[in-house]
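Participant: quick one, fold the following:
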Amino acid sequence: MTLTRIGPVLRPGAPRIHLGAACPQMISICLTAPDKSGDMGEQTLAILDVIEGHLRDHGADRRAIAMAQVWLADIRQHDAFSAAWNDWIDSEHVPALSVVEAAASKRDSLVEIRAYAVAG
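Facilitator: Residues are numbered from 1 along each chain as shown. The predicted structure follows:
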């Protein structure tokens, strides 16, 4: 099996990780927004656009997402997250979704999303 690692994170003092991985059958990617200055909707859409870029790199798109896990820094912003998610997701190919409240380790992100998709 071939495993392709996506987006290494190599910062001093940070854990050595990759943002995701892909094999011929599956793609998994976990991200926070590249620009943390936006509101919940803006951060959500920024993350989803980056996720879709990685999916395209592996022959898939948002329709291939089988499941997404979402961590919100403040669950009271669930409605803002949901509005952005619903505008972005393909309504004919809706994945399983889990949304919980949890603070990001750096405390600068409003939302973190992990998506699992079927590779193209």
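
Participant: for the nearest residue to residue 16 once chain neighbours are set aside, grab the count of nearby residues.
Facilitator: Nearest residue to residue 16 in three dimensions, chain neighbours excluded: residue 10, at 6.9 Å (Cβ to Cβ, 6 or more residues apart in numbering). Where you see a C-beta, it was placed from the backbone N, CA and C, and this is true even at glycine. Residues within reach of residue 10, counting by other Cβ atoms under 10 Å, total 8.

Participant: I'd assumed residue 17 was in contact with residue 10.
Facilitator: No - with contacts counted by Cβ atoms under 8 Å, residue 10 stays clear of residue 17, the gap being 9.1 Å.

Participant: so where do the strands sit in the chain?
Facilitator: Remark: strands assigned in the chain by DSSP state E are 4-9, 17-22, 26-32, 65-72, 96-101, 111-118.

Participant: low-confidence stretches in this structure?
Facilitator: Residues of the chain meeting the criterion pLDDT under 70: 1, 104-106.

Participant: for it, longest helix please?
Facilitator: Counting by DSSP state H, the longest helix found in the chain is helix 40-57.

Participant: now residue 93: phi and psi?
Facilitator: Here is the backbone geometry of residue 93 (degrees, to the nearest 10): phi -140, psi 60.

Participant: gap between it and residue 83?
Facilitator: 19 Å (Cβ to Cβ, to the nearest Å).

Participant: and if you look at residue 47?
Facilitator: Remark: distance between residue 47 and residue 83 (Cβ to Cβ) = 15 Å.
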